[in-house]
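Participant: Sequence first, then the predicted structure, then my questions.
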Amino acid sequence: MIPFKLPSLGADMEQGKLLQWHVKPGDAVQRGQVVAVVDTSKAAVDVEIWEAGLIHELRVQPGETVPVGAVLATLLAPGEAAPAEVPAQAAATPAVAVAEPVAAAAPVVALAAATRPAVSPSARRRAKELGIDAEGLRGSGAQGAVTLADVEAAAAQRSAAAAPVDRAQAMRRAIAAAMSRSKREIPHYYLSETIPMARALAWLQQHNEGLAITERILPAVLQLKAVGLALQRVPQLNGFYRNDAFEPATAVHTGVAIALRGGGLVAPALHAVGSKPLAQLMRELADLVQRARAGSLRSSEMSDPTITVTNLGDQGVEAVFGVIYPPQVALVGFGSVAVRPWVDGGELRAVPLLTASLAADHRVTDGHQGALFLAELRDLLQQPEQLAAGADGKETKA
Amino acid sequence: MSMDRTSLKTTALGVLHSIAPEVETDAIEPARPLRHQVDLDSMDWLNFLIGLHQRLGVNIPEADYAQLVTLDNVLDYLQAKLAAAGD
């Protein structure tokens, strides 16, 4: 039997509320299939399952809030037979939530739903009317019996789930928690570099000229690709700091900071940025922004960014020095591209310039490596053809 | 396809609303830069132009983006393009 646990969908997540199941007991599931929707205070996230099998039991019901690492459902491996019914007492053991090492902050809490509580007749009747699974609720009556009040409370909680005021407040709190932790734990250092963008923009203009509007690429995509390739050459900035040690990541999944309408932000991952063609990155970025704003991100996008990129250029700021999103170890910031005076070969010219910044974790890297990264980024943006080429930048020695 | 300015404006504001649902489209001043009145990043702006392209069938080359600053600019541009296509 395989436990399907609530994954950590970002460093600021300690618990999640199950909003909806997309599967029921007996359903076959594939790796990567979206099986549930979980509300993380930042967004409703489509949670994927990473094992194939047959859904055996749904342990958590819609409306319930459980800690990261809690068992949401159990799964029968392909070929595995369903176990015989076991008494309630014995069934309690496997349901104890085990927090993943990732979620160090999440308290380990046993799931009350494991043992089937008694339900008062009036509660059962009302629950049926409201379409709530009374046996899945936490009872407040004698010996944990579910009472009418519990059912009413669950119904109220369910309808409050989408209340926008709560959402904004919860997101504020989540951001506050993650950023406070970052500033408390991570010794940041900051570097910046002015990057001439004339070549990159001229190349892009030419590239976009013959294309339909739906195929055109934004400058932000060139920047993301350059970050992906530069990180392949300075991999110490790409990964996680956990248990007093740096864990390098094998691929570059850049978290893209996306401001949400109505306030707050999310930074879901754009996967394998260094190895994808620009057109594909553009499509994926457009899709990611659209889904982030619509509140339909996938769990893998929330949980696995290996570095974050923030771009405040559209707001017209010159530079941004960001706060690292733990347990990541670096954050790259881009300001606006603006035409300014620039000396090139002893001559003063008007050139479009971009300020790129790096905030990095001094426990993992020193300014020297950070400087190498920004120099690499600057050089890559002078060779837009190479950015278009794909993943082959790897072999070029810095 | 020919279209009067009022229905063109309705279409353009409809596209804008689909991208920025929080915006009160009635309050938009047609002669002020759109992106000063509505919080649109470059992806939103591109989606706005894509929306116009898809609803009206107007081709908007990247070189023309610079002309499109205010709502009036956008409507003038679309009207001219639609008139040219109708000839």
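Facilitator: Noted; the coordinates are in hand. Numbering: from 1, shown residues only, chains lettered A, B, ... in the order given.
Participant: List the residues that contact residue A:25.
Facilitator: The neighbours of residue A:25, taking C-beta atoms under 8 Å, 6 or more residues apart in numbering or on different chains as the test, are A:55, A:56, A:57, A:58. Where you see a C-beta, it was placed from the backbone N, CA and C, and this is true even at glycine.
Participant: Need the three-state assignment for it.
Facilitator: Classification of residue A:25 by DSSP: H, G, I helix; E, B strand; the rest coil places it in coil.
Participant: From the contacts of residue A:25, which land in strands?
Facilitator: A:55, A:56, A:57, A:58 (DSSP state E).
Participant: Out of the residues you listed, the closest to chain B would be?
Facilitator: Set against chain B, the nearest of the ones in strands among the contacts of residue A:25 by C-beta to the nearest C-beta is residue A:58 (33.7 Å).
Participant: so which pair among the contacts of residue A:25 is furthest apart in space?
Facilitator: A:56 and A:58 (8.8 Å; C-beta to C-beta).
Participant: what's the overlap in contacts for the two?
Facilitator: By C-beta under 8 Å, 6+ apart, residue A:56 and residue A:58 have these common neighbours: A:25, A:73.
Participant: So between those two, which is more surrounded?
Facilitator: Legend: neighbour count by other C-beta atoms under 10 Å in any protein chain shown for residue A:56 and residue A:58, higher for residue A:58 (21 against 18).
Participant: Residue A:4 versus that one, what's the distance?
Facilitator: 9 Å (C-beta to C-beta, to the nearest Å).
Participant: before we move on, the earlier item: CSV for the contacts of residue A:25, including pLDDT?
Facilitator: Shown next, in CSV, are these (pLDDT from 0 to 100):
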residue, pLDDT
A:55, 91
A:56, 90
A:57, 90
A:58, 91
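Participant: Can you tell me which of those residues is nearest residue A:285?
Facilitator: Nearest member of those to residue A:285, counting by C-beta to C-beta, is residue A:55, at 33.3 Å.
Participant: tell me the secondary structure for residue A:42?
Facilitator: The assignment at residue A:42 comes out as coil when based on three-state DSSP.
Participant: Can you name the residues that contact it?
Facilitator: The neighbours of residue A:42, taking C-beta under 8 Å, 6+ apart as the test, are A:10, A:12, A:13, A:170, A:171, A:174, A:264, A:266.
Participant: Filter those residues down to the ones in helices?
Facilitator: A:170, A:171, A:174 (DSSP state H).
Participant: could I get the ones in strands among the contacts of residue A:25 as JSON lines with distance to chain B?
Facilitator: Listed next are those as JSON lines, based on distance: C-beta to the nearest C-beta, whole Å:
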{"residue": "A:55", "distance to chain B": "36"}
{"residue": "A:56", "distance to chain B": "41"}
{"residue": "A:57", "distance to chain B": "39"}
{"residue": "A:58", "distance to chain B": "34"}
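Participant: Could you export the residues you listed as CSV, including distance to residue A:132?
Facilitator: Formatted as CSV, the ones in strands among the contacts of residue A:25 follow (distance: C-beta to C-beta, whole Å):
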residue, distance to residue A:132
A:55, 20
A:56, 22
A:57, 18
A:58, 14
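Participant: which among those gets closest to residue A:80?
Facilitator: Nearest to residue A:80 among the ones in strands among the contacts of residue A:25 is residue A:56, at 8.8 Å by C-beta to C-beta.
Participant: Now the closest one: closest residue in space, sequence neighbours ignored.
Facilitator: Nearest residue to residue A:56 in three dimensions, chain neighbours excluded: residue A:74, at 4.5 Å (C-beta to C-beta, 6 or more residues apart in numbering or on different chains).
Participant: In which helix or strand does that neighbour reside?
Facilitator: strand A:71-76 (DSSP states H and E).
Participant: pLDDT (mean, whole number) over that strand?
Facilitator: For strand A:71-76, mean pLDDT rounds to 91.
Participant: Tell me the confidence at the closest residue to chain B within the stretch 251-398 of chain A?
Facilitator: Nearest residue of the stretch 251-398 of chain A to chain B: residue A:314, at 4.0 Å (C-beta to the nearest C-beta). Per-residue pLDDT puts residue A:314 at 85.
Participant: so what's the nearest residue to it once chain neighbours are set aside up against?
Facilitator: Distances taken as C-beta to C-beta, 6+ apart place residue B:41 nearest to residue A:314, at 4.0 Å, with adjacent residues excluded. Contacts for residue B:41 (C-beta under 8 Å, 6+ apart) come out as A:259, A:314, A:315.
Participant: Just the buried subset of those, please.
Facilitator: Neighbour-count burial (16 or more other C-beta atoms under 10 Å in any protein chain shown) applied to the contacts of residue B:41 gives A:259, A:314.
Participant: now stretch A:266-285, how far from the chain's geometric center?
Facilitator: Counting by C-alpha atoms, centre = their mean, to the nearest Å, stretch A:266-285 is centred 14 Å from the centre of its parent chain.
Participant: Buried residues of that stretch, list them for me.
Facilitator: A:266-276, A:278, A:281-285.
Participant: Among the residues you listed, which ones lie close to chain B?
Facilitator: residue A:285 (C-beta under 8 Å from any C-beta of the partner chain).
Participant: Among the buried residues of stretch A:266-285, name the ones in helices.
Facilitator: Filtering the buried residues of stretch A:266-285 for helices - DSSP H - leaves A:278, A:281, A:282, A:283, A:284, A:285.
Participant: Please tabulate the residues you listed in JSON lines, including the columns pLDDT and distance to residue A:224.
Facilitator: As requested, these are exported to JSON lines (pLDDT from 0 to 100; distance: C-beta to C-beta, whole Å):
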{"residue": "A:278", "pLDDT": "95", "distance to residue A:224": "9"}
{"residue": "A:281", "pLDDT": "96", "distance to residue A:224": "6"}
{"residue": "A:282", "pLDDT": "96", "distance to residue A:224": "9"}
{"residue": "A:283", "pLDDT": "95", "distance to residue A:224": "13"}
{"residue": "A:284", "pLDDT": "95", "distance to residue A:224": "10"}
{"residue": "A:285", "pLDDT": "95", "distance to residue A:224": "7"}
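Participant: possible to save these as JSON lines with distance to residue A:182?
Facilitator: JSON lines is the format used below for these (distance: C-beta to C-beta, whole Å):
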{"residue": "A:278", "distance to residue A:182": "31"}
{"residue": "A:281", "distance to residue A:182": "27"}
{"residue": "A:282", "distance to residue A:182": "30"}
{"residue": "A:283", "distance to residue A:182": "31"}
{"residue": "A:284", "distance to residue A:182": "27"}
{"residue": "A:285", "distance to residue A:182": "25"}
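Participant: now, which of the residues you listed sits nearest residue A:49?
Facilitator: Using C-beta to C-beta, residue A:284 is the member of those that lies nearest residue A:49, at 21.9 Å.
Participant: so the closest one sits right up against residue A:272, yeah?
Facilitator: No: using C-beta atoms under 8 Å, residue A:284 is not in contact with residue A:272; the gap is 9.8 Å.
Participant: quick one: stretch A:197-206 near chain B?
Facilitator: Yes: Stretch A:197-206 is in contact with chain B by C-beta under 8 Å from any C-beta, via residue A:205.
Participant: Residues touching that stretch, excluding its own?
Facilitator: In contact with stretch A:197-206 (C-beta under 8 Å, 6+ apart) are residues A:217, A:219, A:222, A:337, A:351-354, A:381-385, A:387-388, B:62-63.
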